[in-house]
Every structure is written in C-alpha cells, then in structure tokens.
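Asker: Task: produce atomic coordinates for the following.
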Amino acid sequence: MSALAPGSPAGRALPAPVPLWLLALFTFSGTLAMHIFVPALPYAAEGLQASVAATQLTISLYIAGLALGQLIYGPLSDHFGRRPTLMLGLGLYTLAGLAAALAPDVHGLIAARLFQALGGCAGLVLGRTIVRDTALPEEAARRLAMMNLMVTIGPGVAPLIGAAMAPALGWRSIFYALAALGALNFVFSWRLLHETAPLREGASADVRQLARNYAGLCRSSAFLGYAIGGGCATTAMYAYIAAAPFIFVHRLHRPVQEVGLYLALLIAGIWLGSVAATRLVRRVDLQKLLVRGNGLSVAAALALLAVVLLGQLSVPWVVGLMSLFTLGMGLASPAAMTQALGVDPRITGSASGLYGFAQMAVGALCSALVGLGRDPALAAALVLVGAGLIGQIGFWIAARRRA
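Answerer: Numbers count the residues shown, from 1 in each chain. Predicted coordinates for the structure are as follows:
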C-alpha cells in the first residue's frame, strides 16, 4: 500500500494516496453535525420542555468538543495509527448520534452532543493529516485546497437540510441521519482506508515534546494575541448561529424553514472575504489586513446592536449586517492564522493545533454567553461587539510583542 514518491527526500516511500472524496466525507461529518441541528433548536426546546439557554448548550458544548479533539487526536494517531484512531472516533460519533436521538431530556441531549463532537473531531483532524502523510508538500497543498473547497459546502447546505427535516420528520430524525452517516463512514474507513502513518516507538517522547511546545506557545504573548484575537474575529460568529433560530422564529416570526436559508447566506460573505484576501495579501501588509478585516466586523456588530436597541430589528437588517460581519471575517481569518503560525516557525504543527483549539474555545464561550438574558438578538449583538473589540486588542498586543 506504499508507493515511492518521485522527488521525495532521500527516496522516502510515501503511502498510496487516499481518495479525496473519502477524506472530505470524514472531515465534513464533524462540522455537519454542528450546523444541521441549529434550525431545529426551537423544536428541541419545545419537545424537551427546555429553556433557550439550556438548548443552546447543545451547540456551545459541541464546539467545545471540537476544540478538545484538536489537541488529542494528533498524538493518539501518532501512537496508534491514523486508521484505528479514526475508526474509534467514528464509532463514538455514531453511538453518540443514537444517544442524542433517544435523549429523554435536555441534559441527556447535551451530554450526547459533547461525545458526538469528540467523535466527529477525528475526521476533522485526521482527514487533513492523512493528506499530509500521502503527498509531498506541493501536492499536499493542492489536495488540501480541493478538500477544503468540498468541506466548505457543509456549513452552507447543513442548515437547509436541518430546516427541512425538523418540521417534516421531527428534530430527532436529524440525529438518526447523523448516526447513519457515522456508521457509513466507519464502514468506509474499515474497508477502503489503509494505514498512512507508520507506528513510531518514540511516540511517547513526541507527546512530551508536544506538551513542551504547547507550554511555550502559551507563554508567548504574540501567539496568544493572534490566537485569541483570531478566535474573536472568526468563531465568535457561533454566537449568532446559536441565537439565529430564536431571533428569526420568536422575534421576527418567520417560519423555521427560512432559518437555514439565512444561515446559508453567511457562507457567501465568508467566501467573498476569502477571495478578496487572496488578492489583497500581496498588496496589503498582513497586520493591516487583519485589523481592517476585523474592524469591518466590529462596525457591522455595532450597527446590529444599534438596530436592536432602536427597536428596528428586521430580516434585511440582520442578514445584511451579518453578511458584512462575515465578509470581515473572511478577510481576517487567513491573516490571523498566518501570523499565529509565523510566531515560531519551528513548531508550526503545534501552533496549528493550539490555534484551532483557541478558535473553537472562543466559539464555544460566545455561543454559551448568547444564551444569557431574555433577548437573543441583544445578547448576540453584545457578544459580537465584545469579541470584536477583544480581537482588536489582541492583535495590537501581538504586533507590539512580535516587534
């Protein structure tokens, strides 16, 4: 199952490539389970007789699970191999999906969602790792770009699927479908996936080195500024995602089927921002692009807060301002990650994992905070404004420390 890669260092044999559609399917599953359930939150809250805040924990703790998984699956796969680690995660994802579908109360649903995230994160982390195992740097970059393009479809399509399933089949049907997807992925990983990373006897030493790398990054003010600031500039959007069903259905009295469409429109803003970033990065300093992109998001969040306080909340205002917010997010995201990974070029792998953890941790905190209070629109606007300002402060501190 190995092939000699032309031009590989010292004639190093690389494992045979894994089909890209298979890796995209593994990666897609983790984020799909987060976005597909959002339009069904009001149905779950009503069916389980739970509060808005308690139901929103099914989103925030899912994000927290994705954050933790990014720290643990890499070292586990180095020690036990990619294939068994991935199969373990997919098995957990499947069983947790069934547990969520059968949850008798909101507490059981929250716990099942946390374990579902810890399982789904395996595909999120190892899909990209397997690409790096099986290709030289230039080819790996191309394959990763293609896979990311496939995976990006998930957050746009998932809310539409969830909005269609929840009223027609009930909110529990979403988790039965996710469990079926997990079982299918488990079978695919068993039958179609070969091991791509040879087991290493020094894996325990690698784990200790990883811990030292993490500790060093946590002591770096520059890295923390970019990591926390990057999370505030990007995954703070999860606060709006968690609040959106209640804003549109309860405050604006729109049918739940429309919520998926409004959330899907966010992807357009992110996509446009990312395209603009690829063109501007050669002409604009990364630090300036980062600050200005996040500045656009802060301005949009402040405008949303003003609309809420003035009692002018409407679908066009919310969708339009959040599209601007995600446009700024698309501009800032690649610059924030590039700056964070450049703090210490010797440990970019550890920096990438810790940066991803920080992003998801910020997203989980923001989505939990938005459940406080009686007005989800006001809470979301306040969280987005606060996160944006913290992001600006983090970028300022990071730039000064790095200089």
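Asker: where does the chain dip in pLDDT?
Answerer: The model of the chain has pLDDT under 70 over residues 1-13, 74, 78, 136-153, 155-156, 197-207, 281, 345-350, 352, 403.
Asker: what about the strands in it?
Answerer: Under the criterion DSSP state E, strands of the chain are mapped to 2-4, 13-15.
Asker: Return the distance of residue 288 relative to residue 399.
Answerer: 10 Å (Cβ to Cβ, to the nearest Å). For glycine as for every other residue, the C-beta is placed from the backbone atoms N, C-alpha and C.
Asker: neighbour count winner among those two?
Answerer: The neighbour comparison of residue 288 against residue 399 (other Cβ atoms under 10 Å) goes to residue 399, with 17 against 11.
Asker: was I right about residue 226 contacting residue 336?
Answerer: Yes. Using Cβ atoms under 8 Å, residue 226 is in contact with residue 336, at 5.8 Å.
Asker: any common contacting residues for these two?
Answerer: residue 395 (Cβ atoms under 8 Å, 6 or more residues apart in numbering).
Asker: Looking at these two, which is more packed in?
Answerer: Each of residue 226 and residue 336 has its neighbours counted (other Cβ under 10 Å); residue 226 has more, 34 against 31.
Asker: residue contacts, residue 389?
Answerer: So residue 389 contacts residue 298 (Cβ under 8 Å, 6+ apart).
Asker: For it, give its distance to residue 305.
Answerer: 12 Å.
Asker: ok, now residue 278?
Answerer: Counting by Cβ to Cβ, the gap from residue 278 to residue 305 is 31 Å.
Asker: Show me which of those two is the more surrounded one.
Answerer: Neighbour count, other Cβ under 10 Å: between residue 278 and residue 305, residue 305 has more, with 18 against 9.
Asker: Need the nearest residue in space to that one, chain neighbours excluded.
Answerer: Using Cβ to Cβ, 6 or more residues apart in numbering and skipping residues adjacent in sequence, the residue nearest residue 305 is residue 381, 3.9 Å away.
Asker: That neighbour and residue 301: what is the separation?
Answerer: For residue 381, the distance to residue 301 - Cβ to Cβ - is 6 Å.
Asker: can you check residue 157 too?
Answerer: 26 Å.
Asker: now swap in residue 167 and tell me
Answerer: 31 Å.
Asker: repeat for residue 333
Answerer: 16 Å.
Asker: Does residue 115 touch residue 96 like I think?
Answerer: Yes. When contacts are counted by Cβ under 8 Å, residue 115 is listed as touching residue 96 (4.0 Å).
Asker: what's the burial count for residue 374?
Answerer: With other Cβ under 10 Å as criterion, residue 374 counts 8.
Asker: could you measure it against residue 24, distance?
Answerer: 41 Å.
Asker: same question, residue 224
Answerer: For residue 224, the distance to residue 24 - Cβ to Cβ - is 32 Å.
Asker: Check residue 364 too.
Answerer: 25 Å.
Asker: Which one's more surrounded, the two?
Answerer: Taking other Cβ under 10 Å, residue 364 and residue 24 do not tie; residue 364 has more neighbours (26 against 20).
Asker: isn't that one right up against residue 60?
Answerer: Yes. Under the criterion of Cβ under 8 Å, residue 364 makes contact with residue 60 at 4.8 Å.
Asker: Give me the common contacts of the two.
Answerer: Common neighbours of residue 364 and residue 60 (Cβ under 8 Å, 6+ apart) are residue 238.
Asker: quick one: the closest residue to residue 365 other than its chain neighbours from residue 341, how far?
Answerer: Distances taken as Cβ to Cβ, 6+ apart place residue 60 nearest to residue 365, at 7.5 Å, with adjacent residues excluded. Noted for residue 60: a distance of 26 Å to residue 341, by Cβ to Cβ.
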